[in-house]
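Visitor: the sequence and its predicted three-dimensional model are supplied below.
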Amino acid sequence: MVDHRPAAAGVLQPLMVAAGGRHWRIHCAQDDTALLAFAEGREPFPFGLLLWESAVALADELANALADPFGKTDAESPDGPRVLEIGCGVGLAGLAAAHHGGQVTMTDHDALSIDTARMNAAANGIDGVTFIEANWSHWHTPSDSGAGDTGRSTRYDLVIGADVIYDQTVHDDVLGVIAATLAPGGLALLADPCRHHQPEFIERARAAGFSVATSFRPVADLRRPGKTVDIALIFLRRTVRSGD
């Protein structure tokens, strides 16, 4: 029998999470010691095997964003809005988007995360999601077939990401991916735990021609029972220009 478990299965444990209007069984790394032992000698470090509070906040917001249409775009399909998740990790936010009717493509630069997100989709009865390994700094817009960019770039009504602006060095790459993939009139929705360089990302986004709005959502701390984490939700809209 073929073993379809991800290579990281030994450090993954199921965690029950309420987010996005339902309960989820999410396999993720929960023991820091086991994760460190597994990660020894691996590049990149598998941070994506952890479940982050930002993903919970994003999943909760997606229940609203996809239930209340954010504007018709040229890319939108009759089967539902096209959604691209960048840096999917274990997949919670993308699964929530699919649960609420999105046609979801999940991407991550780490094959371990892609395998784990695929396993979590199966564990929660979510079908029809496309999984693609992709790197922000060498981005090729995924095609509907998942085989890479084979012609006209696919545009998405909604681009999402949880904890993807963790370092200043990735800000331009993240904005570049959003600019390359977001349909005119579309929305990018990012979640971040209010890191100190978040204002710089917002400034860069505005300088790149995006309109930006923010809101804040407290969510339960996944590692410290009884505590909460304030998550910033960052809404970026691509300006519609003649010829887009």
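Guide: Received, thanks. Residues are numbered from 1 along each chain as shown.

Visitor: surely R25 is in a strand?
Guide: Yes: judged by DSSP: H, G, I helix; E, B strand; the rest coil, R25 forms part of a strand.

Visitor: pull the contacting residues for it.
Guide: Taking C-beta atoms under 8 Å, 6 or more residues apart in numbering, we find R25 in contact with 14-16, 120, 123-124. In short, each C-beta sits where N, CA and C put it, glycine included.

Visitor: okay, and the helix or strand of this structure with the least pLDDT?
Guide: In the chain, no helix or strand scores lower on mean pLDDT, DSSP states H and E than helix 53-67, which sits at a mean of 90.

Visitor: can you point out the buried residues in that helix?
Guide: Within helix 53-67, the residues scored as buried using 16 or more other C-beta atoms under 10 Å are 53-63, 65-66.

Visitor: with stretch 209-227 instead?
Guide: 210, 212, 217, 219, 222.

Visitor: so is the last one in a helix, a strand, or just coil?
Guide: Three-state assignment for L222 (three-state DSSP): coil.

Visitor: and for I165, nearest residue in space, chain neighbours not counted?
Guide: Closest residue in space to I165, ignoring its immediate chain neighbours: F201 at 4.8 Å, by C-beta to C-beta, 6 or more residues apart in numbering.

Visitor: so how far is whichever helix or strand that neighbour is part of off the chain centroid?
Guide: Here F201, judged by DSSP states H and E, is contained in helix 198-207. Its chain's C-alpha centre and that of helix 198-207 lie 19 Å apart, by C-alpha atoms, centre = their mean, to the nearest Å.

Visitor: related to what we said a few turns ago, with pLDDT added, can I get the buried residues of stretch 209-227 in TSV?
Guide: TSV is the format used below for the buried residues of stretch 209-227 (pLDDT from 0 to 100):
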residue	pLDDT
F210	96
V212	97
R217	95
V219	96
L222	94
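
Visitor: nothing else from me, thank you.
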